[in-house]
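Trainee: Give me coordinates for this.
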Amino acid sequence: MAESTTDTQETSGPPKKWKVIGPGLVVAATGVGAADMVATLAAGSRYGYALLWAVILGVILKIVLVEGAGRYSLATGKTIFEGWRSLGRWPVWYFGPYIMIWGIVYGASAMSSTALPLAALFPGVPLIVFAVATGIAGFVLVWFNRYAVFEKITAVLVGLMFVTIVTLAVIATPNIPNMLAGLVPRLPEGGLFYTLALAGGVGGTITLAAYGYWLREKGWITPGWMRVMRIDNTMAYVMTGIFVISMLIVGAEVVAAANTTIGAGDKGLLDLDTVLRERYGEFIGTWFLIGFFAAAFSSVIGVWNGVSLMFADFWGNIRGKGSGHPDSRINGKYFRFYLIWLTFPSMSLLLLDQPIGLVLAYGVMGALFMPFLAITLLPLLNTHRVPAQWRNRWHTNTALVITAGLFIALGGYQLVRAVVGVFGG
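Mentor: This next block holds a predicted model:
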């Protein structure tokens, strides 16, 4: 669909037509990375379907959180950073250092994750070669293309990873009675971290806040797109929920049956590849690695695009140019500066052990970002900053408070693990 100027400038009523594939699919796909897949596999292999309810809860909370970010942008015509700035100086002082440190460490991590399945498919090529190549590929795809092309590429990658994992879940033959029992909330012994991770962590990154920027690039810029945005967001996270449940099934039925422990970090997916080859043959293993690559690379280009948009808006406002200035928009000079920052300085971390201070700062800020987003949405969506008709209802506020509490708990847990991981103990 090519939206007309009239459509995108309406202030009320639904647009005449719209596509099913929209920014919601982009933000949901970008938020699910290799680490999320490993956490879900490990939870399934350890606890079976006992934490299925946490996946469902996580989907609902993400729908509420991302809908809030989108609703603020459509209702006000402002970016989420402009909203944060209206709360005082503290969000600016937090967000600025965060996005710089997060970018350089995440860039290295994302390139390594994407390189893993390629190195497994072509073992004669060093991992670092694929890591650098995927970073440059993401850089080129985002630098030379507008949002519409980026969205289409993401849709292809999402389709590939979705079909791959859902097919694996079907092949694994899930135990339906046990799945139904898993809908009853309960906390298995030793399962606190996995419960928090499935409910609060899977699909949750800084890119959730990028949703409003992708709405703007799509052309959905006024309250007339509110209903479309809500459908787009809901359908995207329902797909994410199906994807995560499929990973849980694979963990419960395949990994657990193989009596194998999934390794920590992204390399745990290579353990799954070994199990799949032993149980189903070389074709299924190769197919999985291709799906693994699609999932990882969709996160690379999603972050390269979405977080660069966020930085461009941040720096454009700091420089007094505002959110609408060409320098503050996609392919502007601030956007391209951050795209370079994500790609090339990060490559140095592929050659060196990550500096202790940088890793610790990344862990601290990463753990605190999702609570920051959830908490700041409460004043943004309950005060004069949003027209009265678009403010929160009591049930939305309740969901946001639960979301904030969950992210604080998960963030605190991750913070402790980051400190312990750096200093030992």
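Trainee: which stretch of helix or strand covers the residue nearest to residue 301 when sequence neighbours are not counted?
Mentor: Spatial nearest neighbour of residue 301, chain neighbours left out: residue 138 (4.9 Å); criterion: C-beta to C-beta, 6 or more residues apart in numbering. Every residue, glycine included, has its C-beta placed from N, CA and C. Under the criterion of DSSP states H and E, residue 138 resides in helix 127-143.
Trainee: Remind me what the helix or strand following that helix packs against, helices and strands.
Mentor: Downstream of helix 127-143, the next assigned helix or strand under DSSP H and E is helix 147-172. Applying 3 or more C-beta pairs under 8 Å, 6 or more residues apart in numbering; DSSP states H and E, we find helix 147-172 packed against helix 23-31, helix 127-143, helix 211-218, helix 226-250, helix 282-318.
Trainee: for these, which one ends up most surrounded?
Mentor: Among those, helix 23-31 has the highest mean neighbour count (mean count of other C-beta atoms under 10 Å), at a mean of 29.
Trainee: pLDDT weak spots in this protein?
Mentor: The chain contains residues with pLDDT under 70 at 1-21, 200-204, 261, 263-267, 352-367, 411, 414-415, 417-425.
Trainee: can you pull the contacts of residue 213?
Mentor: Each residue near residue 213 by C-beta atoms under 8 Å, 6 or more residues apart in numbering is listed here: 73, 79-80, 306, 309-310, 313.
Trainee: what residues does stretch 190-197 touch?
Mentor: 39, 42-43, 46-47, 50-51, 54, 187, 406, 409-410, 413.
Trainee: quick one: buried residues of it?
Mentor: Across stretch 190-197, burial judged by 16 or more other C-beta atoms under 10 Å covers 191, 193-197.
Trainee: among those, which are in helices?
Mentor: 193-196 (DSSP state H).
Trainee: coming back round to it: got the angle for the helix holding residue 138 vs helix 282-318?
Mentor: Angle, helix 127-143 to helix 282-318, by axes from the mean of the first three to the mean of the last three C-alpha atoms, to 10 degrees: 50 degrees.
Trainee: Could you tell me which other helices and strands helix 127-143 packs against?
Mentor: helix 90-121, helix 147-172, helix 282-318, helix 333-351.
Trainee: How far off centre is the next helix or strand after the second one?
Mentor: The element immediately downstream of helix 147-172 (helix or strand, assigned by DSSP H and E) is helix 176-181. With C-alpha atoms, centre = their mean, to the nearest Å as the basis, the distance from the averaged C-alpha position of helix 176-181 to the chain average is 28 Å.
Trainee: Check stretch 298-310 too.
Mentor: The answer for stretch 298-310 is 10 Å, by C-alpha atoms, centre = their mean.
Trainee: Export only the CA atoms of that stretch, formatted as PDB.
Mentor: Output in PDB follows, covering the C-alpha atoms of stretch 298-310 (Å, rounded to 0.1, in the frame of the first residue of the first chain):
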ATOM      1  CA  SER A 298      16.600  -9.200  11.700                       C
ATOM      2  CA  SER A 299      17.700  -7.800  15.100                       C
ATOM      3  CA  VAL A 300      20.900  -6.400  13.500                       C
ATOM      4  CA  ILE A 301      19.100  -4.300  10.900                       C
ATOM      5  CA  GLY A 302      16.200  -3.500  13.300                       C
ATOM      6  CA  VAL A 303      18.700  -1.900  15.800                       C
ATOM      7  CA  TRP A 304      20.800  -0.400  13.100                       C
ATOM      8  CA  ASN A 305      17.700   1.400  11.800                       C
ATOM      9  CA  GLY A 306      15.500   2.000  14.900                       C
ATOM     10  CA  VAL A 307      18.100   3.000  17.500                       C
ATOM     11  CA  SER A 308      19.900   5.200  14.900                       C
ATOM     12  CA  LEU A 309      16.500   7.000  14.500                       C
ATOM     13  CA  MET A 310      16.300   7.400  18.300                       C
END
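Trainee: change the start of the numbering to 221 and stick with it
Mentor: Renumbered: residue one is now 221, and that last one reads stretch 518-530.
Trainee: Residue 304 is in contact with residue 596, isn't it?
Mentor: Yes: in this structure, residue 304 is within contact of residue 596 by C-beta atoms under 8 Å, at 5.8 Å.
Trainee: who touches both of the two?
Mentor: With C-beta under 8 Å, 6+ apart as the test, residue 304 and residue 596 both reach residue 311.
Trainee: contacts for stretch 365-380?
Mentor: Contact with stretch 365-380 is made by 241-243, 245-246, 249-250, 361-362, 434, 437-438, 459, 510-511, 514-515, 517-518, 521-522, 525, 550-551, as judged by C-beta under 8 Å, 6+ apart.
Trainee: Now do the contacts for residue 516.
Mentor: By C-beta under 8 Å, 6+ apart, the contact set of residue 516 is 253-254, 330, 333-334, 336-337, 486.
Trainee: just these now: which is nearest residue 351?
Mentor: For these, the minimum distance to residue 351 (C-beta to C-beta) is 7.3 Å, reached by residue 334.
Trainee: contacting residues for the closest one?
Mentor: Taking C-beta under 8 Å, 6+ apart, one finds 350-351, 354, 513, 516-517, 519-520 in contact with residue 334.
Trainee: again, only this time at 10 Å
Mentor: Residue 334 makes contact with 253-254, 350-351, 353-355, 357-358, 486, 512-521 under the criterion C-beta atoms under 10 Å, 6 or more residues apart in numbering.
Trainee: Return the distance of it relative to residue 519.
Mentor: Distance, residue 334 to residue 519, using C-beta to C-beta, to the nearest Å: 8 Å.
Trainee: Identify the contacts common to these two.
Mentor: When contacts are counted by C-beta under 10 Å, 6+ apart, residue 334 and residue 519 have 253-254, 358 as shared neighbours.
Trainee: measure residue 362 to residue 260 for me?
Mentor: Noted for residue 362: a distance of 28 Å to residue 260, by C-beta to C-beta.
Trainee: Just give me the neighbour total for residue 368.
Mentor: 11 (other C-beta atoms under 10 Å).
Trainee: Against residue 434, how distant is it?
Mentor: Where residue 434 is concerned, residue 368 sits at a distance of 11 Å (C-beta to C-beta).
Trainee: Residue 257 too?
Mentor: Counting by C-beta to C-beta, the gap from residue 257 to residue 434 is 23 Å.
Trainee: export the helices and strands packed on helix 367-392 to a markdown table and tack on distance to residue 555?
Mentor: What follows is the helices and strands packed on helix 367-392, written out as a markdown table (distance: least, C-beta to C-beta, whole Å):
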| stretch | distance to residue 555 |
| --- | --- |
| helix 243-251 | 16 |
| helix 347-363 | 9 |
| helix 431-438 | 10 |
| helix 446-470 | 23 |
| helix 502-538 | 4 |
